[in-house]
Each structure stands twice: as C-alpha cells, then as structure tokens.
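Engineer: Just a sequence and a predicted model for now, questions to come.
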Amino acid sequence: MATIKRSLNNRTCEAPYLIFLGPPGSGKGTQAEKLHQNFRLVQLSTGNLFREHIKNETPLGLRVKDILAKGELVPDDLTVEMVMERLARPDTIMGVVFDGFPRTRDQAVALQNRLDEKGKCVTAAISFQISDEELVERLGARQMCPKDHSTYNLKSNPPREEGKCDLCGSPLIGRDDDKPEVVRNRLRVYRQQTEPLIEFYREQDMLIEIDASRAIEEIEAQLDEWMPMFIQGVNE
Ligand SMILES: [Zn+2]
C-alpha cells in the first residue's frame, strides 16, 4: 500500500513540478507518459533534450555533442542549463514530470538553486519502490525479435505464439542487458547513486513513496488521486 510519508510543504509555484525516481524497469517512464496524457504535464527527459539540441544544432547542443564525442559525461551545470531552457517554454504551463533527472544529489542541488533563482520549485519527488528481485524477474521476462527489434514481455505483453515474433515469426531472444547478473549489477550502481538523492528529498519533506510492484493501472489511479494535492499544493 502506497502512503504519503509526510505532508507537502507550502510551496508557491505556478505549476506542479514532479520528480520521478526509480530504477530501470520500475515503470516510471510509463507513468510519466500517463501524466502527460491525463494532465498535460510535459515529460522532461534529459536524454531526449540532449538529442533534440544536437539535432537542431543549438549552441548548447553543439557543446554537448563535443563532450559526448570525447566520451565524457555532460557536466551538471550544462544539463541544468538545458533543463531551465526547456522549463521556459510555454507548454510547461500545466507542469512537468522530470523522468530520469536529477540522478545524483549534486544535480538535485544544482536544479534546486537554479529553480530558486527563477522563483520556481519542485513540488514533490515520487520514489517508485520495487525490490531488486521483482525487477530481475520483470526484466528477465523481456524478449525481442533479432530481425525487426519489436519487443515483448512474457508477463505483460506476450507474443501471440510462444517464442515467436508477431510481425515476422522469427524466434525471440532475451537481451544480454536483461540477464539477472547484469540487471543486479546495474541496480547496485543505481541504488548507490540514488540513495543520497532520495535522502535529499526526504530531508526537505518532498519525498513520496509509491509501491511500484503493482499493476500499471493501479499506479496510474494512485497518481491521479494525488494530482489535486500537487496542484493545490502549488496554488496555496
Ligand atoms: Zn520480428
């Protein structure tokens, strides 16, 4: 059962800014997409932002392209700069879901500082709680077609005929990324990075935990139920 651990602070912001925290496979991307469909929140993923800026050859994009070409990590200040530029566009008026950013405590602090300067703020950080065992099982159920790369999940989205691609009939394969030992290793890295981030938001009474082991529809219903609180929270 999901619970709101603490009440939300009185924060005065013009629209809900929600940060989704959760490991790969926790379903946070799916739920961010739902909030976009149901409440017109912008789904803000830094990966997509990077790609967009690089494609459009903006000044920020050219810098990022350079950095990535050298095999280096994009520095936090540059990432936050792109995020701020995205937040300044008019379609964010209904609010934003941050999906996959911030990833570290440093990034969270940088984001917070820049939002403060603009009189904006994060409404809540929602942590998608799910055990490593459940994730290993979930990701292990993923299969793909080696020919056309269509993807399946034995639990949630099985092919019509067992082990065969719906489109071309090729035998389906598991992905190396989804092997239990690879998943466990990825989760170890993720948890190390993210624990301090979760603590950061907990310290500021911004953290809300949601049980992400449940069905997609149940989690969606829970978020729908919370939305008035997020919208009210920012308009008080
Ligand atoms: Zn196929």
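Structural biologist: Yes, it's here.
Engineer: State which helix of the chain is the longest.
Structural biologist: helix 180-203 (DSSP state H).
Engineer: State the mean pLDDT of that one.
Structural biologist: Average pLDDT, helix 180-203: 92.
Engineer: wait, what's in contact with the residue of the chain most remote from its centre?
Structural biologist: In terms of distance from the mean C-alpha position of the chain, G169 ranks first, at 32.9 Å (C-alpha atoms, centre = their mean). For G169, the contact set (C-beta atoms under 8 Å, 6 or more residues apart in numbering) is empty. C-betas here are computed from N, CA, C, even on glycine.
Engineer: before we move on, which element is it in?
Structural biologist: Secondary structure from DSSP states H and E places G169 outside every helix and strand.
Engineer: Check the gap between it and V83 for me.
Structural biologist: From G169 over to V83 the distance is 44 Å, taken as C-beta to C-beta, to the nearest Å.
Engineer: what does E52 give?
Structural biologist: 12 Å.
Engineer: So for these two, which sits in the more crowded spot?
Structural biologist: V83 (22 against 14; other C-beta atoms under 10 Å).
Engineer: Provide the secondary structure category for that one.
Structural biologist: helix (DSSP: H, G, I helix; E, B strand; the rest coil).
Engineer: Spatially central residue in the protein, please.
Structural biologist: Geometric middle of the chain (C-alpha atoms, centre = their mean) lands on D99, at 2.6 Å.
Engineer: what's the average pLDDT for stretch 124-141?
Structural biologist: 93.
Engineer: tell me the contacts of the nearest residue to K34 once chain neighbours are set aside?
Structural biologist: Excluding the flanking residues, the one nearest K34 by C-beta to C-beta, 6 or more residues apart in numbering is E220, at 5.0 Å. By C-beta under 8 Å, 6+ apart, E220 lies in contact with Q31, K34, N38.
Engineer: Recalculate using a threshold of 10 Å.
Structural biologist: Neighbouring residues of E220 by C-beta atoms under 10 Å, 6 or more residues apart in numbering: G27, T30, Q31, K34, L35, Q37, N38, R214.
Engineer: How about E199?
Structural biologist: R105, L207.
Engineer: What's the separation between the residue nearest to K34 and the ion?
Structural biologist: 29 Å (C-beta to the ion, to the nearest Å).
Engineer: Can you pull the phi/psi pair for that residue?
Structural biologist: With angles defined as degrees, to the nearest 10, E220 sits at phi -60, psi -40.
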